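Undergrad: let's see this in three dimensions:
(chains A and B)
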Amino acid sequence: MNSEERNPVAWEDLLEDLSLGVIAGPDDLMGMGECLNLLDAMEKSAGAPEHFKEGLDRLKLLFNRLILEDSKDPQSDWVTIQKLVSALGSGDAVEEAAAPPDFSRPGPSDAGEAPSVAAAEDLSGFPQHQGALVEVQDLDLLRDFLEEAKEHLSSIELNMLALETNPSDEEAINAVFRPFHSIEGVAGFLNLTDVHHLSHEVENLLDAARSGSLQVTDAVIDIVLSAVDVLKGLIVELEGGLSQGRVMVQTSSPAVVAFLGRIKNFHEGAPSPEPAPSVKKIGEILVERGVVGEEVVNEVLERSRGKGGKLGEELVSEGLVAARDISGALREQRHAKENAASVRIDTKKLDSLVDMVGELVIAQSMVLQNEEVLRVKDQKLQKDSVQLRRITAELQRISMSMRMVPIKGTFQKMIRLVRDLARKSGKEVSLEMQGEETEIDRNMVEEIYDPLVHMIRNAVDHGLETPEDRRKAGKPPQGSIWLKAEQKGGNISIEITDDGRGLNSERIRVKAIERGIISPDDQLEERAIYDLIFHAGFSTNDTVTEVSGRGVGMDVVKKSLERLRGKIEITSSPGKGSRFEIKLPLTMAIIDGMIIRIGSERYVVPTIALKESLRPAKEAYLTVQGKGEMINVRSTLMPLVRLHEIMGVEAACKDPWEGLLLVVNEDNRFYCLQADEILGRQEVVIKSLGEALRHLVGVSGGAILGDGKVALIIDVKGVVSLYEESAK
Amino acid sequence: MAYKDMTVLVVDDFSTMRRIVRNILRDLDFRNIVEAENGAAAVDVLKSQKIDLIVSDWNMPKMSGLELLKYVRADDGLKDLPFLMVTAESQKENVVEAVKAKVSNYIVKPFTAATLSEKLTKILPP
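TA: Okay, here's the model as predicted:
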């Protein structure tokens, strides 16, 4: 092309070649191709007389029609071509040389119209036997085709994802177009009318996208993906027939008809390139960031409406906003768009996904730990089962992570709360947050909101001093509250720290004695005293706040956290402040547990409940009159809870100094649970025991251990209450 | 040359389609059939053995049928090789491009042995 443009061949020479080219007949395809090339060259030729242009176009049209076999009468068209060519040579007016070409059946190439606009019902060439059944002859070929088609469909899904992130990626469009094209082709041969029909429509759609006449919007992606689904359904049906040895193909199945209707609606409504509604406009972002006022944005928008300029450019060119601010806002917008590439899923579906994955993990260990399977010495089986474990573990991790959301949303609600509380109480408070990106099980987010509010409220109302008091104490007038989230191992830790006056342990002790929670003789550690504020009998609204400076509804807080299998710990130092640390399991579906053995049974004790484990000396065991068996642990007497008695099983170790004791804390009292031994630590998936066993006290659920056997999860609180009841 | 003595190169990225074309060619008594899964693979075949006829699909990854055609026509040793382009009804208008690039002829999917035979008599030397 380029050489022709630089050094154009003379019009006359080209015309002579063309005259020679049209001597042969309309059957000579290669000759016609050569003629078309000549016509192209003539169009570009410097010496082309302007008024011959129409003749050249008409010739091209005729050649195209002959090439595409769209001509009704090739011979007479050919004569017309010859007449037109000789008219070009003689310089006669074109109109006299030939009758206008027959346009009654326009060839596809004679207009720039997108091929995609074929309406659903206008499918000449497709047999339209409504609901007719056609038998497929070559089943072997069909089987191969279905296999290949399935592979192609999965490649389509992958490539659609690429398209979703970059809708103008031509290679990606091609990669989706091609398999539809191939499927259409083979389906045509095999008489799979519906498959043919459907892929044909999608192919047209994608062809329009390929040529740039159709923008790949979310709607287009939706259509293609649902076409994949419908095709998959058709393939499943065909496979069903294959397995019965006879394949009858139904035409116009309801799914296909519905899909074709959808494509038709799309074409009628198209094109509609609509931006995702959730993405903010640049103007909104700028106003939100305080870069520019809303009125200015509206004014500039109004002015630039007719000009078609972009808001950002207008604002910069008028000197209203710095270019840096615009690019920052654009970045935010882009970021938002990227984030918008997600799907909303019903949480019920997510929950059942997590459940099913749990079932899968269990089923897997049951199969892999099956004694018969274990006996198989096949290396491949071993390799494959390692791979299977890896996949299910990853699947479990992913399905869990799908339920996780950043704690940021909950934290941010505290900003407003602190501001309001500070204003009301006349205190100056700064709130600092850390680890907002820490993720937490979605189901826990709402559950921790109330406890957090409680504790923040207490910190502001009672923990922090007034600016005056703080000055007297030599502290800055502004009090601080730190809210910090962090993932620690299998737990989430949330800390609420203030630099207020701290807890007054002496006053808490006095109050607890007054309330009859402890006796004046009780010698309690500092921490045990702090824990008293969680006691249900401790917090009553009237006096407690003045006495302890804390305690409003702390029992409620503790109960909520226990429901989440969480723990709360207090550290405080007088005059310097307090820290409340909440520990929560990462998710409600899994617990980090100690596997213990009692006799031949195994149980799981949530690690979060354990303080320590020990084997006592024989001398540490004593019986206290009226209180039963006790263990002396570093001068603290702890009741001995014989787990095997509560669980009703036979233990291997009768005496506590033979076995192992698990120290747990329940309602500020320590207990020693007796077991035979600790087998190990493991994350287990909690399985509910079902309706019948749901109200069983002392057991919170079941877990499947590595060997596929079930172990009960011990509910420490329940066990302790059973113990207390039996002690009475 | 009789069909049974000719070597045909069938180019298509979809193996089922290659099999269909192969079956039809067998019905016409072709016995030597070579396959390639795209234009680039076809070029490799052309370099390694003598081919008497190419039946190629249009849409293929890596190297399309049109690109293969252009390669063949630009090669002195291959430029007269009969080249039959397989196309789909919906893609037919592209054929004009192939005709300009000197394709011997084209055939629209789906086709029968009879149609293929008809096309072949047009493009194969008697």
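Undergrad: how close does residue A:724 get to residue A:596?
TA: Distance from residue A:724 to residue A:596, counting by C-beta to C-beta, to the nearest Å: 21 Å. Just so you know, the C-beta spots here come from the backbone N, C-alpha and C atoms, and that holds for glycine as well.
Undergrad: neighbour count: those two, which is higher?
TA: Remark: of residue A:724 and residue A:596, residue A:596 carries more neighbours, 25 against 15, as counted by other C-beta atoms under 10 Å in any protein chain shown.
Undergrad: for the more buried one, name its beta-bridge partners.
TA: residue A:603, residue A:678 (DSSP bridges).
Undergrad: now residue A:227. Its backbone dihedrals?
TA: Backbone torsions of residue A:227, given as degrees, to the nearest 10, read phi -60, psi -40.
Undergrad: typo on my end, residue B:124
TA: phi -90, psi 140.
Undergrad: tally of neighbours for it?
TA: 16.
Undergrad: same thing with residue A:390?
TA: 10.
Undergrad: one more: residue A:54?
TA: Neighbour tally, residue A:54, other C-beta under 10 Å: 11.
Undergrad: surely it is in a strand?
TA: No. Under DSSP: H, G, I helix; E, B strand; the rest coil, residue A:54 falls outside any strand and is assigned helix.
Undergrad: residue A:628 touches residue A:639, doesn't it?
TA: Yes. Using C-beta atoms under 8 Å, residue A:628 is in contact with residue A:639, at 6.5 Å.
Undergrad: neighbour count winner among the two?
TA: The neighbour count for residue A:628 versus residue A:639, taken as other C-beta under 10 Å, is higher for residue A:639 (19 against 13).
Undergrad: element containing the more buried one?
TA: When elements are assigned from DSSP states H and E, residue A:639 belongs to strand A:636-642.
Undergrad: my read is that residue A:186 contacts residue B:20, right?
TA: Yes. Residue A:186 lies in contact with residue B:20 (C-beta under 8 Å); the separation is 6.5 Å.
Undergrad: check which helix or strand the most centrally placed residue in chain B maps to.
TA: The C-alpha lying nearest the average C-alpha coordinate of chain B belongs to residue B:55 (C-alpha atoms, centre = their mean; 1.3 Å). Using DSSP H and E, residue B:55 maps to strand B:53-57.
Undergrad: helices or strands next to the helix or strand following that strand in the packing?
TA: Note on strand B:53-57: by DSSP H and E, the next helix or strand toward the C-terminus is helix B:65-74. Other elements packing on helix B:65-74 under the criterion 3 or more C-beta pairs under 8 Å, 6 or more residues apart in numbering or on different chains; DSSP states H and E are helix B:39-48, strand B:53-57, strand B:83-88, helix B:95-100.
Undergrad: pull out the buried positions in helix B:65-74.
TA: Using 16 or more other C-beta atoms under 10 Å in any protein chain shown as the test for burial, helix B:65-74 gives B:65-72.
Undergrad: tell me the pLDDT at the residue nearest to the centre of chain B?
TA: On pLDDT, residue B:55 comes in at 95.
Undergrad: residues touching it, list them.
TA: Shown in contact with residue B:55 (C-beta atoms under 8 Å, 6 or more residues apart in numbering or on different chains): B:8-11, B:21, B:25, B:84, B:86.
Undergrad: next: residue A:595.
TA: By C-beta under 8 Å, 6+ apart, the contact list for residue A:595 reads A:602-604, A:678-682, A:705, A:711.
Undergrad: which of the helices and strands packed on helix B:65-74 sits most buried?
TA: strand B:53-57 (a mean of 26; mean count of other C-beta atoms under 10 Å in any protein chain shown).
Undergrad: and it, which strands flank it?
TA: Using DSSP bridges, the strands paired with strand B:53-57 in its sheet are strand B:7-11 (parallel), strand B:83-88 (parallel).
Undergrad: could you tell me how many residues sit around residue A:610?
TA: As a burial measure, residue A:610 scores 17 neighbours (other C-beta under 10 Å).
Undergrad: could you give the bridge partners of it?
TA: For residue A:610, the beta-bridge partners under DSSP bridges are residue A:664.
Undergrad: what sits against it?
TA: For residue A:610, the contact set (C-beta under 8 Å, 6+ apart) comprises A:594, A:662-664.
Undergrad: determine which two of those residues are furthest apart.
TA: Spanning the widest gap among the contacts of residue A:610 are A:594 and A:663, at 12.0 Å by C-beta to C-beta.
Undergrad: quick one: common contacting residues for those two?
TA: Common neighbours of residue A:594 and residue A:663 are listed as A:610, A:613 (criterion: C-beta under 8 Å, 6+ apart).
Undergrad: the top helix by length along chain B packs against which elements?
TA: Ranked by residue count, the top helix of chain B under DSSP state H comes out as helix B:15-27. Where contact means 3+ C-beta pairs under 8 Å, 6+ apart, helix B:15-27 is packed against helix A:139-165, helix A:170-189, strand B:7-11, strand B:32-36, strand B:53-57, helix B:113-123.
Undergrad: who's in contact with it?
TA: Contact partners of helix B:15-27, identified using C-beta under 8 Å, 6+ apart, comprise A:141, A:144-145, A:148-149, A:182, A:185-186, A:189, B:8, B:10, B:12, B:33, B:35, B:37, B:55, B:57, B:86, B:111-113, B:116.
Undergrad: which element follows the lowest-mean-pLDDT helix or strand in chain A toward the C-terminus?
TA: Within chain A, no helix or strand scores below helix A:541-548, which has a mean of 40 by mean pLDDT, DSSP states H and E. Next helix or strand after helix A:541-548 toward the C-terminus (DSSP H and E): helix A:554-563.
Undergrad: close to chain B: what parts of chain A are there?
TA: Neighbours of chain B within chain A, by C-beta under 8 Å from any C-beta of the partner chain: A:27, A:29-30, A:32-34, A:36-37, A:40, A:64, A:67-68, A:107-109, A:115, A:125, A:141, A:144-145, A:148-149, A:152, A:174-175, A:177-178, A:181-186, A:188-189, A:200, A:203-204, A:207.
Undergrad: buried subset of the contacts of residue A:595 as a PyMOL selection?
TA: To isolate the buried members of the contacts of residue A:595 in PyMOL, using 16+ other C-beta under 10 Å:
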select buried, chain A and resi 602+603+604+679+682+705+711
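Undergrad: can the contacts of residue A:595 go into TSV with extra columns for pLDDT and distance to residue A:313?
TA: Below are these laid out as TSV (pLDDT from 0 to 100; distance: C-beta to C-beta, whole Å):
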residue	pLDDT	distance to residue A:313
A:602	92	70
A:603	94	69
A:604	93	63
A:678	90	69
A:679	89	69
A:680	85	65
A:681	82	61
A:682	78	60
A:705	78	65
A:711	89	66
